[in-house]
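Student: Predicted structure and sequence below. I'll ask about it afterward.
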Amino acid sequence: MGSVFRFAGRTPLNEQDQADALTEACAFLHAADEMFSLYKPESPLSRLARGETKVADLNPIVDEIWNACEAWSAETDGWFNAFTPDRIFDPSGLVKTWAASEAARRLLAAGLTDFAINAGGDVWLSDGVTGERSWKVGISKPVTIASPEAGILTVFDLLNSTMRAVATSGTAERGLHIWNPRTYEFAENELIQVTVIADDLVKADVWATAAFAEGVDAVARLNRVPNLEALFVLRDGGLAGTDGLVNYFAKVEGE
Amino acid sequence: MPYTTERIPTRKKWVASTATIALLSIAGAIGLDLWLTGGSNIPGVTVPTGKPDQTVTGDAVPYAYGTVQLEVVRQGGKLAAVNLIQSGATAGRGQAFPVLQKAAIDAQGTNFANLSGATYTTDAFKTALESAISKLS
């Protein structure tokens, strides 16, 4: 299985230019996958993991991602960590949204201004998104969508705010896949899902991962991060959130 | 809930997707964008072209972690959009943080254009798309 990237929006471009822009963005995503996949035995990252090569000999993008991971690890006080319990460099917690952001940059450069990207459940909106509904982002319940309880937990509205991204981390779809970077064990705490709203997609993604690893104590930490709010779903079904979160719940139409 | 975009008269709606073939990884080889913008050429699936505008919904396709159901729109004889259909909302539970619970539940009935949280897999997405396209007459 793998993540699905979806682009949706409105275009001022003619059909050919539109197709070219999307083709370039998708080609970039494919190239990034070839580079960073740990599920492809011959990818540069897989060879790095086996000790067959070193970062200095790889595409400089790998070094850039390595540095970004270290910076985010410092920023999150160690709660984001791109090294697995086996001490393998696995930047997949960042690469998906980094690549989505780069694809977005290419579409913007091509003249598209009004679009959204959904990168396997992490959502980014461009500044020029039009249509009130396009600014609203639904959040899945923290159960696998195979469950009869599956549905929408809530809806956030990013209209007229600085927020452009929504990222969700949890165990519902992939089981335990986030480890506690301090104990190098899989994170099993009182949380089952964390959704982060932020002004940047990678920032939202990284903090969602970090907060999920830390547990509900991360609320206090996230309250100190500018342009970021978070919704925590506890195992018992309870919710917790950052101080400003209530401002982002969507209002039902007609109210 | 339908996963659609409003029509703006002066601008064309576009939707594209690409999918990965690797867990926890990015991008991949399917290139739905090309199917859409190129108009056809999905392996094993023929989009009936040159036919009237039509919107149809495919079967809900189960996979290991859930179901995927898609709606496809044909306009001007070509595939114009693929919309993701989501299951409906039910009430949340828990009392731990009543203010948040109420705000969260109050917001549930709102229409939205994007969904955060679920991860859709390549195979299920492709099968769901094939199902929807096969229903175009």
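Tutor: Happy to help now that I have it.
Student: does whatever helix or strand A:V166 lives in come close to chain B?
Tutor: Using DSSP states H and E, A:V166 sits in strand A:165-170. Yes: applying C-beta under 8 Å from any C-beta of the partner chain, one finds strand A:165-170 in contact with chain B at A:166-168, A:170. C-beta here means a position set from N, CA and C on the backbone, and glycine is covered the same way.
Student: Next one: A:L38 from A:N223, what distance?
Tutor: 34 Å (C-beta to C-beta, to the nearest Å).
Student: neighbour-wise, which of the two wins?
Tutor: A:L38 (20 against 15; other C-beta atoms under 10 Å in any protein chain shown).
Student: ok, that one to A:G120 distance?
Tutor: Distance from A:L38 to A:G120, by C-beta to C-beta: 16 Å.
Student: A:G151 too?
Tutor: For A:G151, the distance to A:G120 - C-beta to C-beta - is 19 Å.
Student: Find the centremost residue of chain A, please.
Tutor: The residue lying closest to the centre of chain A (C-alpha atoms, centre = their mean) is A:D205, at 3.3 Å.
Student: Most neighbours among the residues of strand A:165-170 next to chain B, which one?
Tutor: In the residues of strand A:165-170 next to chain B, the most neighbours by other C-beta under 10 Å go to A:V166, 31 neighbours.
Student: I'd say it and B:S116 touch.
Tutor: Yes: look at A:V166 against B:S116 with C-beta atoms under 8 Å: they come within range, at 4.4 Å.
Student: Quickly list what's touching both of those two.
Tutor: A:122-123, A:137, A:139, A:195 (C-beta atoms under 8 Å, 6 or more residues apart in numbering or on different chains).
Student: circling back to that earlier point, compare A:G151 and A:G120 and say which one has the larger neighbour count.
Tutor: The neighbour comparison of A:G151 against A:G120 (other C-beta under 10 Å) goes to A:G120, with 23 against 20.
Student: which residues of the stretch 101-250 of chain A fall in strands?
Tutor: Remark: strands assigned in the stretch 101-250 of chain A by DSSP state E, counting those that start in this stretch are A:114-119, A:122-125, A:136-140, A:152-157, A:165-170, A:179-180, A:185-186, A:191-198, A:228-234, A:239-241.
Student: Could you check the first one against chain B for contacts?
Tutor: Yes: for strand A:114-119, a contact with chain B is found by C-beta under 8 Å from any C-beta, at A:114, A:116, A:118-119.
Student: looking at chain B, which helix or strand is least sure?
Tutor: helix B:32-38 (a mean of 35; mean pLDDT, DSSP states H and E).
Student: does any part of the very next helix or strand once past that helix sit near chain A?
Tutor: The first helix or strand that comes after helix B:32-38 along the chain, using DSSP H and E, is strand B:54-57. No: Strand B:54-57 lies apart from chain A when judged by C-beta under 8 Å from any C-beta; the minimum separation is 15.6 Å.
Student: Within its sheet, name the partner strands of strand B:54-57 and how each one runs.
Tutor: Paired neighbours of strand B:54-57 in the sheet (DSSP bridges): strand B:66-75 (antiparallel).
Student: if you average pLDDT over the strand it pairs with, what comes out?
Tutor: Summarised as a single mean, pLDDT over strand B:66-75 is 71.
Student: quick check: angle from it to strand A:136-140?
Tutor: With axes from the mean of the first three to the mean of the last three C-alpha atoms, to 10 degrees defining the directions, strand B:66-75 sits at 150 degrees from strand A:136-140.
Student: Pull the CA coordinates from strand B:66-75 and hand them back as CSV.
Tutor: C-alpha atoms of strand B:66-75 as CSV (Å, rounded to 0.1, in the frame of the first residue of the first chain):
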residue,chain,number,x,y,z
GLY,B,66,-11.4,0.5,4.8
THR,B,67,-13.3,1.4,1.7
VAL,B,68,-12.9,3.8,-1.1
GLN,B,69,-15.7,5.1,-3.3
LEU,B,70,-15.2,7.5,-6.2
GLU,B,71,-17.5,9.6,-8.4
VAL,B,72,-16.3,10.4,-11.9
VAL,B,73,-17.4,13.3,-14.1
ARG,B,74,-17.2,13.2,-17.9
GLN,B,75,-17.5,16.6,-19.6
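Student: What helices and strands are in contact with the helix or strand containing A:A74?
Tutor: Per DSSP H and E, A:A74 falls inside helix A:60-75. Judged by 3 or more C-beta pairs under 8 Å, 6 or more residues apart in numbering or on different chains; DSSP states H and E, the packing partners of helix A:60-75 are helix A:15-36, helix A:44-49, helix A:92-109, helix A:201-214.
Student: Going by neighbour count, list what's buried in that helix.
Tutor: Across helix A:60-75, burial judged by 16 or more other C-beta atoms under 10 Å in any protein chain shown covers A:61-62, A:65-66, A:68-69, A:72-73.
Student: Next, work out how far apart A:G237 and A:V196 are.
Tutor: Distance from A:G237 to A:V196, counting by C-beta to C-beta: 20 Å.
Student: what about these two, which has more around it?
Tutor: A:V196 (31 against 15).
Student: returning to that earlier point: I'd like the strands of the stretch 101-250 of chain A laid out as TSV, including mean pLDDT.
Tutor: TSV is the format used below for those (pLDDT from 0 to 100):
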stretch	mean pLDDT
strand A:114-119	91
strand A:122-125	95
strand A:136-140	89
strand A:152-157	89
strand A:165-170	92
strand A:179-180	68
strand A:185-186	65
strand A:191-198	93
strand A:228-234	93
strand A:239-241	87
